[in-house]
Each structure stands twice: as structure tokens, then as C-alpha cells.
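[1] Sequence and predicted structure are below.
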Amino acid sequence: MTKTILLTGGSGLVGSNIRDHKYSSNYKILSPSSSDLNLLNYQNIEDYIAFNKPEIVIHAAGIVGGIQANMNYPVKFLVDNMQIGLNILMAAKTKMVKNFINLGSSCMYPKNSKNPIPEDVLLKGEFETTNEGYSLANITSTRLCEYINREDSSFLYKTVIPCNIYGKYDNFSYESSHMIPGVIRRIYDAKNNNSKHVDIWGDGLSRREFMYAEDLADFIYYAVENFNKMPQNINVGLGHDYSIIDYYKIIANVVGFKGKFNHDMSKPIGVKKKLIDIKKLNKFGWSYKTSLELGIKKTYDYFLSEVKK
């Protein structure tokens, strides 16, 4: 019998890649739009689950954005994300959905964590201030999953903590994009405008770990099929990182930009390094497939075909 999955955030970066993945045809995936399922309305969620009876919920919805968006709208990033998380978790529990995958974020980890960051340091220090509201909302959902399982071990409510994600269906806007799609957009525009340089925020030496979104979708299906043995909280990443300047250089090479980079030292840069520990992931038996160069090329091709067409 085909398993029914309720996927929230189906039109977002992660959700779209989950729906688009080759394994999606093995399941009945319910991916309601916000007009069909208002995640800020608890009763709406409970009624939807009661009617559709999913065997598993994959919660990939949320208000997301880069440093600038998080700093400009901290109330929305905290309140809406926290409300959405509490609503979907408690509605699923009330309607006896036994399996739940909560998509967390590595921004939940304390800002001064020692790299690589293991799962057990959650709430062991202060969050990075640039996205504190988003982090607070994420950690609340993560802890609630743990509490639900602690009260009744038949409820397998677990959290996936991916590193930074990029890829097809990403947001390329100047105002709210994450780093890789934002840099693709800026370097593309610089090339088209015959600009001689592109600004990099800070010295470019900060290091980040970015995984291609299709690989995260691949992990999600692996997790669904091996859910009983998946840890309560699990990091999903590459196991290595790159400097900001590395990302700029690779993107410039893919786009064909020949200009120079200027460093804008007045801009916020976030933490200097964030690399997640993947020992549990390796033990769980999954690893990423897409190299950074190939992932950026695929993302740029998507940008040209879908965003700039």
C-alpha cells in the first residue's frame, strides 16, 4: 500500500526538491498550498490531517531568508515560524500521526560552537544575533519533537538539521536570498552590466557549508525508508566547507564574470566558520552526491531557464 506523506512548504526550496525527486512517485504526497492549508491556523491543520490521514508528516515550511531579511524582520521570523511549528506538531500528535520529520536548521547551534558541530550542543550557548529569532523558533520545534517522543515513544518525531542549502527553486531576489543564489544574481547582473567589480561582504575568509537541495531531498526519502533507525536529531551535510571567496570564484567561473572582487568591511558577515559534524549521518549510511561545481552549474542553469527567461 502506498504511504501517504503530508509535506508542508511544498513550494519552497526544500519542498519543491522533495516533490521533484525521482522517488516521489513511490508515495502519495500531499502538498497543499497556503490557501488550502493555513499553517498559522491550528484548527485548519487538525481538520486537514483528520480528513487526509497521512502516515508521515515532513515539515519543510517556514519563513526563510538571508542575513539582511532576518535582521530587518525579526518579529516575523520568530513569531510566524514558532507558531507554524507548534501548530503542525501538535495537530499531528492530536490526530495520532506517528511519524514526523521536522526540518531544522544549523543556525540553531550556538554561535561559538567548536567545529565540526555535533548534535548534542543544542542550547549549550547563545545564538548568532543576526538570525536569533529564526533560531529560537527552530529550536522550539526541535525540542518539542524530543518531548513528544519522551512522553510516548510510539511517536517518532525527529529533526533533520541540514547545513546551508541551495539549488533549483531557490530565491534569487536581492532582498531576501541566501548567499549562493544572491551571489549568482549579483555576478550575473555585473557581467551583463559590464561592471568591473562585485562587492563581497567582509574579508571573504568566513567559511560555510552548502549542500545541493536535491541531495537533501534524496536524504529525506532515505530517512522515510529507514526511519526507525534514524537518530532523534541528525546533521545532514558534506563534512567539509569552503570560504566565501571560494564560492564567489566558482560562481564567477560558471557565470563567466572576469572582473574583480571588492571587500565591503561595513557589512555583517555572521559567524566566521560553521561546519556540522556528520558522524551520525555516516553511521546512518547516507552521503551527498553533488559536487559544489556541478551544483552551482545546475543552479545557474535553473536561474537562466526559469528566473531570467
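    The structure has been received and is ready for your questions. Model, not experiment: these values are computed from the prediction.
[2] all contacts plus neighbour counts: C-alpha atoms, from now on.
    OK.
[3] which residue sits closest to Gly256 in space, ignoring its chain neighbours?
    Nearest residue to Gly256, sequence neighbours excluded (C-alpha to C-alpha, 6 or more residues apart in numbering): Lys191, at 7.6 Å.
[4] my read is the one you found is in a helix, agree?
    Yes - when DSSP: H, G, I helix; E, B strand; the rest coil is applied, Lys191 is found to be in a helix.
[5] Now do the strands in the stretch 51-200 of the chain.
    Remark: strands assigned in the stretch 51-200 of the chain by DSSP state E, counting those that start in this stretch are 56-59, 99-103, 156-162, 164-166, 197-201.
[6] how about these in JSON lines, adding mean neighbour count?
    Formatted as JSON lines, those follow (neighbours: other C-alpha atoms under 10 Å):
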{"stretch": "strand 56-59", "mean neighbour count": "23"}
{"stretch": "strand 99-103", "mean neighbour count": "23"}
{"stretch": "strand 156-162", "mean neighbour count": "25"}
{"stretch": "strand 164-166", "mean neighbour count": "22"}
{"stretch": "strand 197-201", "mean neighbour count": "17"}
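[7] and the ones you listed as CSV, adding distance to Ile296 and mean pLDDT?
    CSV is the format used below for the strands of the stretch 51-200 of the chain (distance: least, C-alpha to C-alpha, whole Å; pLDDT from 0 to 100):
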stretch, distance to Ile296, mean pLDDT
strand 56-59, 26, 98
strand 99-103, 23, 98
strand 156-162, 18, 98
strand 164-166, 8, 95
strand 197-201, 18, 93
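[8] ok, now which ones touch Ser33?
    Gly10, Ser11 (C-alpha atoms under 8 Å, 6 or more residues apart in numbering).
[9] again with Tyr48
    Leu37.
[10] For the residue nearest to Gly256, grab the count of nearby residues.
    Neighbour count for Lys191, taken as other C-alpha atoms under 10 Å: 19.
[11] Quick check: the closest residue to Ser266 other than its chain neighbours vs Tyr174, distance?
    The shortest distance from Ser266 to any non-neighbouring residue, by C-alpha to C-alpha, 6+ apart, is to Gly202 (7.1 Å). To Tyr174, Gly202 is 18 Å away according to C-alpha to C-alpha, to the nearest Å.
[12] which one of those two has more residues nearby?
    Gly202 (17 against 14).
[13] Return the per-residue confidence for that one.
    The score at Gly202 is 91. That number is its pLDDT.
[14] Give the residue spans of this structure that score low on pLDDT.
    Confidence mapping of the chain against pLDDT under 70 gives the ranges 270, 309.
[15] hey, where'd the helices end up in it?
    Remark: helices assigned in the chain by DSSP state H are 13-20, 42-52, 67-72, 74-94, 132-151, 179-192, 213-225, 244-255, 279-284, 292-302.
[16] Just send those helices back as CSV, with distance to Pro116 too.
    Formatted as CSV, those follow (distance: least, C-alpha to C-alpha, whole Å):
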stretch, distance to Pro116
helix 13-20, 23
helix 42-52, 37
helix 67-72, 22
helix 74-94, 26
helix 132-151, 19
helix 179-192, 21
helix 213-225, 19
helix 244-255, 18
helix 279-284, 10
helix 292-302, 19
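[17] Determine which of these approaches Met108 most closely.
    helix 132-151 (4.7 Å; C-alpha to C-alpha).
[18] Who are the packing partners of the closest one?
    helix 74-94, strand 99-103, strand 156-162 (3 or more C-alpha pairs under 8 Å, 6 or more residues apart in numbering; DSSP states H and E).
[19] And those: which comes nearest Lys22?
    Minimum separation from Lys22 across the helices and strands packed on helix 132-151 (C-alpha to C-alpha) falls at strand 99-103, 19.3 Å.
[20] can you give me the angle the closest one makes with helix 74-94?
    170 degrees (axes from the mean of the first three to the mean of the last three C-alpha atoms, to 10 degrees).
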